[in-house]
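> Got a predicted model here, sequence first, then my questions.
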Amino acid sequence: MVLPALGATTTAPAVEPEINQHYLDADPERWKAVFEREGRELYDRRAQIVDALQLQPGDSVADIGAGTGLFTMLFAERVGPAGRVYAVDISPSFIDAIAVRANALGLGNVVPIVNSQQTVDLPPDSVDLVFIADTYHHFEYPQLMLDSIRSALRPNGRLALIDFRRMPGLSSSWVMGHVRAGRVQVIDELEAAGFKLVKEPLALQGNYFLLFRK
């Protein structure tokens, strides 16, 4: 069940914790078949998404809600040995699998982190870019997470957010029941948390792709 919209002083969860329970002891191979398959927009357009971020060698990136590590691996290749990619997820099984995958690919610049629903567990001023793909609607405490993300970003750091379009009458019943907030509300929440919308770097269909600065 989706809970009411996020309030300015809300301390209760913004979504029911059950939305995340099945990820905590997830089977990574099962979810890899779900997340990394032809026909899923983020998978089909993964190269364009990474290109749109304009990452540079030596950049530090945090992939929040890294899941099976699809974008983590792409980011690690793009930023090179001098860069660093923090793979952050609440699921220990996902993070363990990401560590194995990175090692198999020889990507020594991947740092796996199991976080909580209140913090991304990153040091202050440690990353140039935070990337959140189809994960923001899973944040049980979005205000706390956004505060933690803002702290982790370096001055003028960027936050890239991709999530499902939530449009009554157009979006699927699954999206309407599963996704807490639509694009406009998400923008409002991020701007209230100290981020400024810069642009929409790539037009997607079932998702939207927004780029903010700290």
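Cool, got the structure.

> so I64 sits right up against I149, yeah?
Yes - between I64 and I149 there is a contact at 7.1 Å, judged by C-beta atoms under 8 Å. For glycine as for every other residue, the C-beta is placed from the backbone atoms N, C-alpha and C.

> quick one: the helices in this protein?
18-24, 28-35, 41-44, 46-53, 70-79, 92-104, 142-152, 173-178, 183-192 (DSSP state H).

> Columns mean neighbour count and mean pLDDT on top of those, output as a markdown table?
Supplementary listing: these in a markdown table, determined by neighbours: other C-beta atoms under 10 Å; pLDDT from 0 to 100:
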| stretch | mean neighbour count | mean pLDDT |
| --- | --- | --- |
| helix 18-24 | 13 | 86 |
| helix 28-35 | 14 | 94 |
| helix 41-44 | 15 | 98 |
| helix 46-53 | 16 | 98 |
| helix 70-79 | 22 | 98 |
| helix 92-104 | 18 | 97 |
| helix 142-152 | 21 | 98 |
| helix 173-178 | 12 | 90 |
| helix 183-192 | 16 | 97 |
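
> With L204 as the reference, name the closest of the ones you listed.
Ranking those by proximity to L204 (C-beta to C-beta) places helix 41-44 first, at 5.9 Å.

> how much distance is there from that closest one to the middle of the chain?
14 Å (C-alpha atoms, centre = their mean, to the nearest Å).

> can you check stretch 61-71 too?
So, by C-alpha atoms, centre = their mean, the centroid of stretch 61-71 is 7 Å from its chain's centroid.

> Quick one: end-to-end distance for that stretch.
From its first residue to its last, stretch 61-71 covers 11 Å (C-alpha to C-alpha, to the nearest Å).

> again with stretch 102-122
19 Å.

> What residues are bridge-paired with the residue nearest to the spatial centre of the chain?
Centrality entry for the chain: nearest residue to the mean C-alpha point is I132, 1.8 Å, by C-alpha atoms, centre = their mean. Taking DSSP bridges as the rule, I132 bridges to I64, L161.
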